[in-house]
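Asker: Got a predicted structure plus its sequence, pasted below:
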Amino acid sequence: MPKTPLISVFWLTFMSLSLCMLVAALQAAPPDLISPTSSVLVFGKYSALIFSSFSVIFSFLALSYSINRVVGRPLTLTTLFVSTILLTVTTLLVLAGAEPVSANWPALAAAFLMLLRSLGVAVLPPRGDISGLKEAAGSIGLSVATALGWWAIDPASAPMAASVTLLMSWPNVIDGINAFADKVFQKAALASGARELAPDAFSRIANAKEIVIDKAAVMSGPDLVVTNVMAFNNEPKTLLAVAASAEARSDHPVAHALRQLATQWHVAVKDPDRYKPAAGLGVVALLGGQTVVIGTTDLLKELKIDSFTADAIARSLEADGKTVLRVAVGGRVVGVLGLEGTLRQDAGVAGRMLRAEGLVPRLFSGDSHKTREALAGMLGLELMDDPLAGEKVQEAAARSATDTYPLVLSLSQDRSALELSVCATGNAQGNGVSIEPIAVSDTNDIGAFPALKALATRRKTLAVQAKRLLTALWALAGLSGVFLLAPLGAASMLLGVCLAILWVFARFSVADTLKKSSALA
């Protein structure tokens, strides 16, 4: 695909050619746009049909170079199909010897239909919220009913009435209803703390009912602090030396916390002879000829090490929301380590605000059930199912979330930003939903995500209202075509009215939207 400036040149070229062909078609069979029933002057038997066909072709080429996203293709292809049918109808009428005043109307309607669709898609790029196929089917049904009704009254007027009805009621810009509003709401989202937004972010956020929050996203930083070193038979320094040495090769936050405390206590740290991490569970190392295990009770059970005494001690620490690790040497538990991080001051507020916006916030953490229960209580979040060994937040959300497309809030890999993504669950996993972030904020702007949900919900409400208004307008315009009260040229003015309505809807929401987003930030 050519670069953007070249795309604009191609689009303008094909749109100009399409418009020229439409003018030529009107000159070949020029109906009076004020009075559709007036007589026409025929320059050639097939002139209006040929020029209209070229207008349709050039309009379709312009569409291929306009900002016609994948989500806009259904209505575009439907419009092309209907235009082809209209051109075919004119061909059959001409071959059947029908009067040009009747035969040329479907072809002219086809040219107008494709030209207006091309213009509408360029001005309002489809957003995917509304396909428009249902409304298009209604327009076709009304047109067919009009043709049948006029055929019984005045067969010569049937092609004209059906063509005008179809053109006036066609939902050319319905799938781009949010194009104007998106600019306004994106500005509000940036004001509320969002740094980046995907094109379909508002749609996905508005439709979500659940959000899974990774524990790392609600911590003030990646650092953990060792708060408890409880040795059963040895000095705490000895226990710390063993644990820090076993974790000497690890880059995990737990290892950093142990090495930091060892430095403060002036404890020597040795390099283990062997080191093997157990994802999500802990580590197994060989130190001084003895096997050292540091990890959760699940890891000890897996290695058939009795941790009954350690578990009893761990419960009180876990009740305070701490991460508790058992330390075993030579197959016997010798102590317990307690670690904790600092929660964001606004994490609990963000959880309550997400719930107030209609989302069910759930906490994901690889800690024990007791620790997760305590953290969830502090933050006002719901608990998820127990995580599997080594499971990441996206995998946990896909496995146990109740919403079909839940949101996932996590820390970026480089820990420099908060990322909001969409995860597919159950049967929806085969729909190719990308786990790429749809919204990004700085790590200190967790409040941006409740604001995004509020904005997305308001945007969806405005879209529904705009859709109802435009649909009613198209229905009314279609009825004017049924009774031959509007000429073909009125469709151009109708498109302008629709654009003006959507612009007013977008501008109307500016002040209130920005005010609400600022309050949420």
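Answerer: Perfect, I can see it now.

Asker: could I have stretch 56-65 exported to PDB, CA atoms only?
Answerer: Provided in PDB are the C-alpha atoms of stretch 56-65 (Å, rounded to 0.1, in the frame of the first residue of the first chain):
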ATOM      1  CA  VAL A  56     -19.300   2.800  -9.500                       C
ATOM      2  CA  ILE A  57     -15.900   1.400 -10.600                       C
ATOM      3  CA  PHE A  58     -14.000   4.600  -9.800                       C
ATOM      4  CA  SER A  59     -15.800   4.900  -6.500                       C
ATOM      5  CA  PHE A  60     -14.800   1.400  -5.500                       C
ATOM      6  CA  LEU A  61     -11.200   2.100  -6.400                       C
ATOM      7  CA  ALA A  62     -11.400   5.300  -4.300                       C
ATOM      8  CA  LEU A  63     -12.700   3.100  -1.400                       C
ATOM      9  CA  SER A  64      -9.600   0.900  -1.700                       C
ATOM     10  CA  TYR A  65      -7.400   3.900  -1.100                       C
END
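
Asker: Buried by neighbour count: which residues of that stretch qualify?
Answerer: Buried positions in stretch 56-65, judged by neighbour count with 16 or more other C-beta atoms under 10 Å: 56, 57, 58, 59, 60, 61, 62, 63, 65. Backbone N, C-alpha and C define where each C-beta goes, glycine included.

Asker: Quick one: residues in contact with it.
Answerer: Stretch 56-65 is contacted by residues 2, 7, 10-11, 14-15, 17-18, 21, 76, 80, 83-84, 87, 110-111, 114-115, 117-118, 121-122 when judged by C-beta atoms under 8 Å, 6 or more residues apart in numbering.

Asker: where in the stretch 51-200 of the chain is pLDDT low?
Answerer: By pLDDT under 70, the weakly predicted segments of the stretch 51-200 of the chain are 67-69, 128.

Asker: Show me the helices in it, by range?
Answerer: 73-95, 100-123, 133-153, 158-169, 179-191 (DSSP state H, counting those that start in this stretch).

Asker: Turn those into JSON lines, columns for distance to residue 492 and mean neighbour count.
Answerer: As requested, the helices of the stretch 51-200 of the chain are exported to JSON lines (distance: least, C-beta to C-beta, whole Å; neighbours: other C-beta atoms under 10 Å):
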{"stretch": "helix 73-95", "distance to residue 492": "16", "mean neighbour count": "19"}
{"stretch": "helix 100-123", "distance to residue 492": "7", "mean neighbour count": "26"}
{"stretch": "helix 133-153", "distance to residue 492": "17", "mean neighbour count": "16"}
{"stretch": "helix 158-169", "distance to residue 492": "10", "mean neighbour count": "27"}
{"stretch": "helix 179-191", "distance to residue 492": "19", "mean neighbour count": "20"}
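
Asker: buried residues in the longest helix along the chain?
Answerer: Determined from DSSP state H, the single longest helix within the chain is helix 448-482. Buried residues in helix 448-482, counting neighbours by 16+ other C-beta under 10 Å, are found at 448-460, 462-463, 466-467, 470-471, 473-474, 477-482.

Asker: and if you look at stretch 312-327?
Answerer: Along stretch 312-327, these residues count as buried under the neighbour rule (16+ other C-beta under 10 Å): 313, 314, 317, 318, 320, 321, 322, 323, 324, 325, 326, 327.

Asker: Run through who's touching it.
Answerer: For stretch 312-327, contacts defined as C-beta under 8 Å, 6+ apart pick out 224, 227-228, 230, 239, 242-243, 254, 282, 292-297, 300, 307, 310-311, 333-340, 367-368, 370-371, 374-375, 378.
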